[in-house]
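# Structure of the sequence below:
(2 chains)
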There are 2 protein chains.
Amino acid sequence: MNLLELVKNRKSIRNYKETDISDEMLNLIFQVVRMAPSSSNLQPWKFIAVRDIERKKKIANACQNQKFLIQAPVIVVACGVVDDARDLVGGYMVSYPVDVAIAMTYLILAAEEKGLGTCWIGDFNEEKLSNILQIPSSIKVVAVASLGYPNENPSQEYRKNVNEILSFETLQ
Amino acid sequence: MNLLELVKNRKSIRNYKETDISDEMLNLIFQVVRMAPSSSNLQPWKFIAVRDIERKKKIANACQNQKFLIQAPVIVVACGVVDDARDLVGGYMVSYPVDVAIAMTYLILAAEEKGLGTCWIGDFNEEKLSNILQIPSSIKVVAVASLGYPNENPSQEYRKNVNEILSFETLQ
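Predicted structure coming up:
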């Protein structure tokens, strides 16, 4: 499958089969994730894979009570290690949200290639997740994603056309 | 080629052939980029492709004088549209750095698949780039990447192993 087909097939999946995700499968996915580039190659990231049902319930609660997260066999929580990141990308921002987003993008594409579905969650309470997952204040949760075998095939969401997002020489 | 091979082949390229990148090739790459997911599907991004030599010189100057940028046939500047983004991902951060990073990750992988090399630049001065590219203050440059046919084949940079970046149930 080429990349265009892969990204077109990839949709946010919120309904999963009961099938577990093996450690071997997770390892295959993270063999891709670990190759992600990062600012100055600092790789300022940590990932937590959660399977425990009670912990998933707490995570769902910290994610605006999105109950489908409990049903997903694995929840991946992606974190930025603040002190390992570059502090002034563009002269105005710390690098870890961008760095972790690159690695998480590798994750959703690797999962898709393996027949797994993901839903990238932005609606989370960072403080609550840090408590649930024993994350110190020097490490920040940047993204959450559910992971599992899809039990639905939603239609593709609207995307802007190329001419709406790309201009030449100056911003138009 | 599978995704693992693609991400392993993909390296930061800082030396390019003189071969131009056609509009058709850019369009193929952006057919992938436009499919990137974003927080609440808001797609708060704008991309600028620069080919003009004088403008590339100014951009290189605004990127810590990294002269290889002038030699690249195209420089892509990726921007976040602040007012279109979600304002509180995780309860603490605006979404556009993450959103733009997802789309830019799609770009570097799409380029790799087409035989093009990229170098993702974090060392830029946002204010200078905004002036050069006529970007209003409501839109922020998040990333810059050079794009061109590789004229070098650097060795793969060090990456952490999976067991250094992935833990189970809680952060370890």
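
# can you map out the helices along chain A?
Counting by DSSP state H, chain A forms helices over residues A:3-9, A:23-33, A:53-62, A:68-71, A:96-113, A:126-133, A:162-165, given from the N-terminal end onward.

# Now render these as CSV, adding mean neighbour count and mean pLDDT.
For glycine as for every other residue, the C-beta is placed from the backbone atoms N, C-alpha and C. Output for those, formatted as CSV (neighbours: other Cβ atoms under 10 Å in any protein chain shown; pLDDT from 0 to 100):
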stretch, mean neighbour count, mean pLDDT
helix A:3-9, 17, 97
helix A:23-33, 18, 98
helix A:53-62, 18, 98
helix A:68-71, 19, 98
helix A:96-113, 26, 98
helix A:126-133, 19, 98
helix A:162-165, 15, 98
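
# Next, format the ones you listed as a markdown table and append distance to A:Glu152.
Shown next, in a markdown table, are those (distance: least, Cβ to Cβ, whole Å):
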| stretch | distance to A:Glu152 |
| --- | --- |
| helix A:3-9 | 13 |
| helix A:23-33 | 20 |
| helix A:53-62 | 18 |
| helix A:68-71 | 10 |
| helix A:96-113 | 14 |
| helix A:126-133 | 26 |
| helix A:162-165 | 28 |
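
# what would these look like in TSV with distance to chain B?
Listed next are the helices of chain A as TSV, based on distance: least, Cβ to the nearest Cβ, whole Å:
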stretch	distance to chain B
helix A:3-9	4
helix A:23-33	4
helix A:53-62	6
helix A:68-71	15
helix A:96-113	4
helix A:126-133	4
helix A:162-165	4
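
# Next one: A:Gln172 relative to B:Pro136, how far apart?
In this structure, A:Gln172 and B:Pro136 are separated by 12 Å, where distance is defined by Cβ to Cβ, to the nearest Å.

# do A:Asn15 as well
For A:Asn15, the distance to B:Pro136 (Cβ to Cβ) stands at 41 Å.

# for A:Val74, same thing?
Look at A:Val74 and B:Pro136: by Cβ to Cβ, they are 42 Å apart.

# what about the two, which has more around it?
For A:Val74 versus B:Pro136, neighbours defined as other Cβ atoms under 10 Å in any protein chain shown are more numerous around A:Val74 (22 against 10).

# Contact partners for the more buried one?
Going by Cβ atoms under 8 Å, 6 or more residues apart in numbering or on different chains, A:Val74 touches A:Ile21, A:Leu26, A:Ala49, A:Val50, A:Arg51, A:Ser146, A:Leu147, A:Gly148.
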